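Asks: Pasting a predicted model and its sequence here:
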Amino acid sequence: MSTQHQETAASPVLPPPPVDSNKAIAEVRPFGADLPRPRSSAPADMVRTVPSGSSAAAPTVSLVIPTKNEAANVGWVLEQIPNCVDEVVLVDGRSSDATLVTALSYRADLRVVVQQGSGKGDALRAGFLAASGDIVVMIDADGSMAPQEIPHFLHFLSNGYDFVKGSRFMGGGGSLDITRTRRLGNRALLHLVNVLYRAQLTDLCYGFCAFHRRYLPFLNLTTPGFEIETQMTISALRAGLRIAEVPSLEMPRRCGRSNLRTFRDGTRVLRTVLREHQTGLSGRAVQSVRHLVHGSSGAVVARPSGELLP
Ligand SMILES: Nc1nc2c(ncn2[C@@H]2O[C@H](COP(=O)(O)OP(=O)(O)OP(=O)(O)O)[C@@H](O)[C@H]2O)c(=O)[nH]1
Ligand SMILES: [Mg+2]
């Protein structure tokens, strides 16, 4: 059976494609999923059992949204959250504007976490710990990511994948926001990750992701800032999680100023990539074992029809 690390799926505005379940649904219950930590760095999908039946209840979904002075944008995001989301956790970085009041006026059932530290990474960690759903999705509050894309992420998580990340640079994705400098930086850092960790990803510094909450300990999240997205991806690679990329359209932030500083945060991402590579079992080793066990034609391509091709 082939495994894969990369998907090309339908346009982000289309409903999730049907999937050839014989090929796409792999072993989905990781051995030791309930343990607080992985027992070893062995690829998580190499120690799985096949699900016993189809009677399991639908997984619940938590959406984690970090906010820092997003009063003008957060309502737009909250309004569009699809019904498949059961819980919305908003982690506020002590906004000095009306973010919290506005958010609560749009969604009274919001779970608000007031961040103790600072930085997007710190906020997401707090949100992930507060989330109670089986699946955790993260999305920005500035209106640059469309909540309507969330079902695409869930689709792949329900079909054997462990960690699903949005990609702006695969067929069907795009960015109306990224500057030339950031695009070049993202491409260079992505290339480095693909070489160091033997991956075939198409995007790196993008914060629209979803994963099974049981894998949170595998992600080893420690970074405080925007480099958290990179750390999540690298940790998923190192843990041998089955990663899918789904196309995503990044829009310009609706109002306000970005919190990201291109060179400062780019440097932090680079440091994260190198540091993670130097510690513990390298992602490259894990991926090499995967390629050995599952064959070299690991990548499969999901056509808009849902057909998976090796
Ligand atoms: N809680 C919290 N949220 C933050 C912090 N920094 C950024 N955020 C949120 O994280 C999300 C992404 O931040 P942005 O400033 O949009 O950064 P970006 O999307 O990488 O950069 P742009 O493309 O320029 O918008 C937004 O929802 C921010 O409000 C922080 O320190 N604490
Ligand atoms: Mg943004």
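Replies: Looks like it came in fine. Ligands and ions are numbered 1, 2, ... in the order given.

Asks: Verify the stated contact: Arg254 with Met145.
Replies: No: at 11.1 Å, Arg254 does not count as touching Met145 under the criterion of CB atoms under 8 Å. In short, each C-beta sits where N, CA and C put it, glycine included.

Asks: Who has more neighbours out of those two?
Replies: Shown here are Arg254 and Met145; by other CB atoms under 10 Å, Met145 has more neighbours (24 against 16).

Asks: Show me what from this protein comes close to ligand 2.
Replies: Residues of the chain lying close to ligand 2 by CB under 5 Å from the ion are 140, 142, 144, 253.

Asks: Of the residues you listed - the most surrounded one?
Replies: When neighbours are counted by other CB under 10 Å, Asp142 leads these with 26 neighbours.

Asks: Are we agreed that it is in a strand?
Replies: No: remark: Asp142 does not belong to a strand; assigned using DSSP: H, G, I helix; E, B strand; the rest coil, it is coil.

Asks: dump the residue contacts of it.
Replies: Neighbouring residues of Asp142 by CB atoms under 8 Å, 6 or more residues apart in numbering: 70, 73, 253-256, 258.

Asks: mind running it again at 10 Å?
Replies: Taking CB atoms under 10 Å, 6 or more residues apart in numbering, we find Asp142 in contact with 66-70, 72-74, 76-77, 177, 251-259.

Asks: and what of Val77?
Replies: For Val77, the contacting residues are 63, 65, 67, 70, 88, 90, 103, 106-107, 139-147, 254, by CB under 10 Å, 6+ apart.

Asks: at 7 Å instead, please
Replies: By CB atoms under 7 Å, 6 or more residues apart in numbering, the residues touching Val77 are 65, 139, 141, 143, 147.

Asks: all strands in this structure, in order from the N-terminus.
Replies: 29-30, 48-49, 61-67, 87-92, 111-114, 135-138, 163-167, 174-175, 209-212, 243-247, 249-250, 301-302, 308-309 (DSSP state E).

Asks: Run through the neighbouring helices and strands of the third one.
Replies: Read that as strand 61-67. strand 87-92, helix 120-130, strand 135-138 (3 or more CB pairs under 7 Å, 6 or more residues apart in numbering; DSSP states H and E).
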